[in-house]
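Undergrad: below are the sequence and a predicted model; questions follow.
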Amino acid sequence: MKIRFSAKAKSDLLEIGLWIAQDNPLRAESFVDELENACMRLADAPRAFPLLPRHETSGIRRRPHGSYLVLYVVGVEAIEIVRILHGARDYEAILFPEPG
């Protein structure tokens, strides 16, 4: 199964790398590589990780990697990586903003 990264997920990876690079540039590069590899391994078992609690109908699943969450949707032909966020962030507010 193919893996596709949304524009926001690509931006998330860049921001994560820049944040970590402030303290440790080498680790920033290796950690972003680890996150990308975790995303690519989803192709082996796309439904191995749970749907988001209280938002199951969205189809979004979450795969933890260290302190981060890979948020993705399993499609017919591809897996779309929707966002990659630190686990301490309010991913529900980011993914499902209140209208207003």
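TA: Looks like it arrived, so ask away.

Undergrad: following the lengthiest strand in the chain, which helix or strand comes up?
TA: Ranked by number of residues, the top strand in the chain under DSSP state E is strand 78-86. Downstream of strand 78-86, the next assigned helix or strand under DSSP states H and E is helix 91-95.

Undergrad: which residues sit against that following helix?
TA: By Cβ atoms under 8 Å, 6 or more residues apart in numbering, the residues outside helix 91-95 that reach it are 52, 54, 55, 58, 60, 62, 69, 71, 82, 83, 85. All C-beta atoms are positioned from the backbone trio N, CA, C, and that covers glycine.

Undergrad: chain center to it: distance?
TA: With Cα atoms, centre = their mean, to the nearest Å as the basis, helix 91-95 stands 12 Å off its chain's centre.

Undergrad: alpha carbons of the lowest-mean-pLDDT helix or strand in the chain, in CSV - could you do that?
TA: None of the helices or strands of the chain scores lower by mean pLDDT, DSSP states H and E than helix 91-95, at a mean of 94. Presented in CSV, the C-alpha positions along helix 91-95 are these (Å, rounded to 0.1, in the frame of the first residue of the first chain):
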residue,chain,number,x,y,z
TYR,A,91,-4.7,16.9,18.7
GLU,A,92,-8.6,16.9,18.9
ALA,A,93,-8.7,20.7,18.8
ILE,A,94,-6.2,20.7,15.9
LEU,A,95,-8.0,18.0,13.8
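
Undergrad: could you list the low-confidence segments of the chain?
TA: The model of the chain has pLDDT under 70 over residues 100.

Undergrad: tell me where the protein has helices.
TA: In the chain, the helices defined using DSSP state H lie at 7-21, 25-40, 91-95.
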